[in-house]
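**Student:** Predicted model and sequence below, questions to follow.
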Amino acid sequence: MRSSLAGPRVLLRRLREVMAEPIDAQERLDNIVRLIAANVVAEVCSVYILRADGILELFATEGLNKGAVHETALNVGEGLVGLIASNARPLNLPNAQAHPSFAYRPETGEEHYNSFLGVPILRAGRTLGVLVVQNKEHRTYFEDEVEALQTTAMVIAEMVAAGELEAIAQKGTTIDVIRPMHLTGVSLADGIGLGHVVLHEPRVVITNLIAEDADSEKERLDDAVLRLRQSLDRMLASGEFSQHGEHREVLEAYRMFAYDRGWVRKIEEAIRNGLTAEAAVEKVQSDTRAQMLRQTDPYLRERLHDLDDLAHRLIRELMGREHGANDSDLPKDAIIIARNMGAAELLDYDRDRIRGLVLEESGPTSHVTIVARALGIPAVGQVEDIVSLTEANDAIIVDGEVGQIFLRPASDVEQAFADKVRFRAKRQEQYRQQREMESRTKDGTNVKLQLNAGLLVDMPSMVDAGADGVGLFRTELQFMVASSIPRMSEQQELYSKVLDMAGDKPVTFRSLDIGGDKVLPYLRFAQEENPAMGWRAIRFGLDRPGMLRTQIRAMLHAGAGRKLRIMFPMVANTSEYRRARELVEKELAHLKQHGHEVPAELKLGVMIEVPALLYQLEEIFSEVDFASVGSNDLFQFFYAADRGNNRVAERFDSLAPAFLRALKSIVEVGNRLDKPVTLCGELAGHPLSAMALLAIGYRRLSMSPASIGPVKTMLLQLDLEKLRPEFSTHLQLCNGLDDVRSFLKSFAADHNIPV
Ligand code: PEP
Ligand code: MG
């Protein structure tokens, strides 16, 4: 017999009425199952909802014994219902009891029913429950009936996600969709944030699931698909894609899917079954997602992200929404959740309202990470599936200290973190109090603590942290957050403001360090096999001097009448420094010739971050005014261990004797030739490693703003004259084993030094 299925559209229309009625959740669910049973002409219709403890509980039924409601419970994977939940796929059986997974529950009275159709209740690919219809007769349900049931399941998914069912859950149980979760990722920026989820790519809330008229929905879809395809074509043709931080390959993949007939056909089918065009896109995406999530192949999972993005774009086209963040209703304690994000996109948010950032991708050296750190936003990256696991406005805690996330935390966890936040605030207060104190070791050695900066937003931290100037100003950040090359006037304006804000404190500007991993989306570089060792920084600057000269000119203008310090990154030979200096001299002569005011004092230096310079120390120090050790790069090239590759980044210890000996040789030559040496890599910002640097002779350290307090606290307690000889003996005797850390830790413990 062909069931009447007075068309799923009729069912959906009736469902809409039920959804609008002012009744409680149980009554609404009861009405829904009754309606479905009548419409599909089934004797039974039941809804099972997934609880936080992994149990599927019967929440409503038409046809089975009512007494079983909230009593019958199955594990995921158990029985037919459990099987559907674990596979996230429909099950259509003419003889259910013959299926090996059939599990008989006497309280339900389901032994009378033979045919069985169950579909997962899905939202953003997550299974929230199972919807089932059953009939006495042996029959296979038609494809459009399966579709209709899936569509109805979507309506129920909205109810579950909206938290409506919480009120009717058994006492002491929680519905899975609001289950507290603990997720781990990689710490990107220190700090702890408590707040509420804001999805960077808002999951468009589709309020209107059910269509009035399928033909007009189909027309809307056709128009939107056309616009989507055109916009992708346009972006690919014009290179405009850089604006959203997207790469060409990703857009190519989007385009491929957008032109895929199969995808569009599935959406059209859902429209024919009564959904609005938006809801149809969402439904198809949720089905695809649920199936692809079970793929282990990383390539396919990556394509899933592309499909997700594409579906979102299409929904936005349909709803006429703009791409990107919308600040108008940002909560005061926003925790931004995204797959990934460009640095500029983060800057678009109102900083005062952001408490944290969680990304599915992004590593510790990505641009958005650098900006998050500059803004003091606690951030965690590489948190798998965080976007689909969260709903807008979920409570969430970001622990950037250790790289973990607590989603919908239980109240005791929330309390513990609130305490932790208070404790950190107290510590910050201590740091503030010691801000005005001289940064001098307990036994009287002065140490300069400076700031690593790169954007104007960093500058207030200089004063807040009590830093002694800016030891490293990464000028490439302005280029990285812009959508096209900043003009000379824009560069000059930034440098000028930085110098203004620094007042009488020194600022060391580093010339552009682009190339390598710091790609500018609007500037095409040829693909390189080893970009970190490729055409980057000063290499690029000297080969294409136009950009470098413009930058130098902007710096000279900004520094007119004041003290100016410029250094060059990735210098590998003294001759490269010489050529860079000549460029500066030429620009200076040019300015003078045209009657411009020039800096009152100009100092030029190099970054020491390529090991080759270790063997030209005498030579380079006799030419420069100062040097700064870039320990991040020096370390990666010293050990041939990619600084961005988690697999090898931890393999070697940055306090290994071999590396410390190299660092020591640099500062020794600098001191001998009376040239100031700063160390501006991450190493300077950890109290323990800063202790080692002081012991081997460094007196100038430059670090991120958050590190200044802890490092200063350490050095105020440090008896350097006591540490020095002991450390030196230890380093000499050390047989190459990485036991420097334990030596320093026990020295710190013995002498009450907080590290
Ligand atoms: C370094 O390499 O240590 C450094 C400070 O520069 P960057 O991290 O910008 O490469
Ligand atoms: Mg470097």
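**Tutor:** That came through fine. Ligands and ions are numbered 1, 2, ... in the order given.

**Student:** how distant is stretch 557-564 from the center of its chain?
**Tutor:** 38 Å (Cα atoms, centre = their mean, to the nearest Å).

**Student:** hmm, who's touching it?
**Tutor:** 492-496, 498-499, 506, 509, 555-556, 591, 596-603 (Cβ atoms under 8 Å, 6 or more residues apart in numbering). C-beta here means a position set from N, CA and C on the backbone, and glycine is covered the same way.

**Student:** same thing with stretch 720-732?
**Tutor:** 441-443, 445, 657, 660-661, 664, 691-692, 694-696, 740, 743-744, 747, 751.

**Student:** how about a cut-off of 6 Å?
**Tutor:** Thr441, Asp443, Thr445, Pro657, Leu694, Ala695, Phe743 (Cβ atoms under 6 Å, 6 or more residues apart in numbering).

**Student:** cool, and stretch 572-579?
**Tutor:** Here stretch 572-579 has contacts from Ile538, Leu542, Val571, Val606, Val610, Ala612, Gln616, Glu619, Ile620, using Cβ under 6 Å, 6+ apart.

**Student:** for stretch 379-397, same thing?
**Tutor:** Contacts of stretch 379-397 (Cβ under 6 Å, 6+ apart): 124-125, 183, 185-186, 188-189, 194, 196-197, 199, 335, 337, 339, 357-360, 362, 372, 398, 400, 403, 405-409, 417.

**Student:** Next step: those restricted to helices.
**Tutor:** In this view, the contacts of stretch 379-397 that belong to helices under DSSP state H are Ala372, Phe417.

**Student:** Shouldn't Asp329 be within a helix?
**Tutor:** No - with DSSP: H, G, I helix; E, B strand; the rest coil as the criterion, Asp329 is coil rather than part of a helix.

**Student:** Look up the pLDDT of it for me, please.
**Tutor:** For Asp329, the model assigns a pLDDT of 75.

**Student:** Reformat the contacts of stretch 720-732 as TSV; add distance to ligand 1, secondary structure and pLDDT.
**Tutor:** As requested, those are arranged in TSV below (distance: Cβ to the nearest ligand atom, whole Å; DSSP: H, G, I helix; E, B strand; the rest coil; pLDDT from 0 to 100):
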residue	distance to ligand 1	secondary structure	pLDDT
Thr441	24	coil	98
Asp443	29	coil	96
Thr445	24	coil	98
Pro657	20	helix	92
Leu694	18	helix	98
Ala695	20	helix	98
Phe743	24	helix	93
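
**Student:** Can you say which two of the residues you listed are spatially most distant?
**Tutor:** Asp443 and Pro657 (24.7 Å; Cβ to Cβ).

**Student:** Looking at the two, which has the bigger crowd around it?
**Tutor:** Using other Cβ atoms under 10 Å, the more surrounded residue of Asp443 and Pro657 is Pro657, with 20 against 12.

**Student:** is it true that the more buried one touches Arg741?
**Tutor:** No - using Cβ atoms under 6 Å, Pro657 is not in contact with Arg741; the gap is 11.0 Å.

**Student:** Out of the contacts of stretch 572-579, name the ones that lie in helices.
**Tutor:** Ile538, Leu542, Glu619, Ile620.

**Student:** Show the contacting residues for the third one.
**Tutor:** Contacts for Glu619 (Cβ under 6 Å, 6+ apart) come out as Thr574.

**Student:** Over to the last one?
**Tutor:** Ile620 makes contacts with Thr574, Leu613, as judged by Cβ under 6 Å, 6+ apart.

**Student:** Kindly report the same for the first one.
**Tutor:** Counting by Cβ under 6 Å, 6+ apart, Ile538 touches Phe568, Pro569, Met570, Val571, Glu576.

**Student:** Can you get me a residue count around the last one?
**Tutor:** Think Glu576. With other Cβ under 10 Å as criterion, Glu576 counts 21.

**Student:** which SSE is it in?
**Tutor:** Assigned by DSSP states H and E, Glu576 belongs to helix 574-593.

**Student:** what comes up buried for that helix?
**Tutor:** Buried residues in helix 574-593, counting neighbours by 16 or more other Cβ atoms under 10 Å, are found at Thr574, Glu576, Tyr577, Arg579, Ala580, Arg581, Leu583, Val584, Glu587, Leu588, Leu591.

**Student:** And for stretch 221-234?
**Tutor:** In stretch 221-234, counting by 16+ other Cβ under 10 Å, buried: Leu221, Ala224, Val225, Leu228, Ser231, Leu232.

**Student:** any idea how far ligand 2 is from Asn31?
**Tutor:** 65 Å (Cβ to the ion, to the nearest Å).

**Student:** I meant to write His70 there.
**Tutor:** Distance from His70 to ligand 2, by Cβ to the ion: 61 Å.

**Student:** Does the longest helix seen in the chain pack against any helices or strands, and if so which?
**Tutor:** Criterion DSSP H: the longest helix present in the chain is helix 214-238. On a contact count with 3 or more Cβ pairs under 6 Å, 6 or more residues apart in numbering; DSSP states H and E, helix 214-238 meets helix 248-258, helix 261-272, helix 277-292, helix 298-319.

**Student:** Just the local confidence number for Leu251, please.
**Tutor:** Reading off the model, Leu251 has pLDDT 67.

**Student:** element containing Ala38?
**Tutor:** helix 25-40.

**Student:** Return the closest of the buried residues of stretch 221-234 with respect to ligand 1.
**Tutor:** Closest approach between the buried residues of stretch 221-234 and ligand 1, by Cβ to the nearest ligand atom: Leu232, at 34.2 Å.

**Student:** how many other residues sit next to the closest residue to the closest one other than its chain neighbours?
**Tutor:** Of all residues not flanking Leu232 in the chain, Arg255 sits nearest, at 4.7 Å (Cβ to Cβ, 6 or more residues apart in numbering). When neighbours are defined as other Cβ under 10 Å, Arg255 has 17 of them.

**Student:** quick one on the thing from earlier: just give me the closest of the buried residues of stretch 221-234 to Val481.
**Tutor:** When the buried residues of stretch 221-234 are compared against Val481 (criterion: Cβ to Cβ), the nearest one is Ser231, at 23.7 Å.
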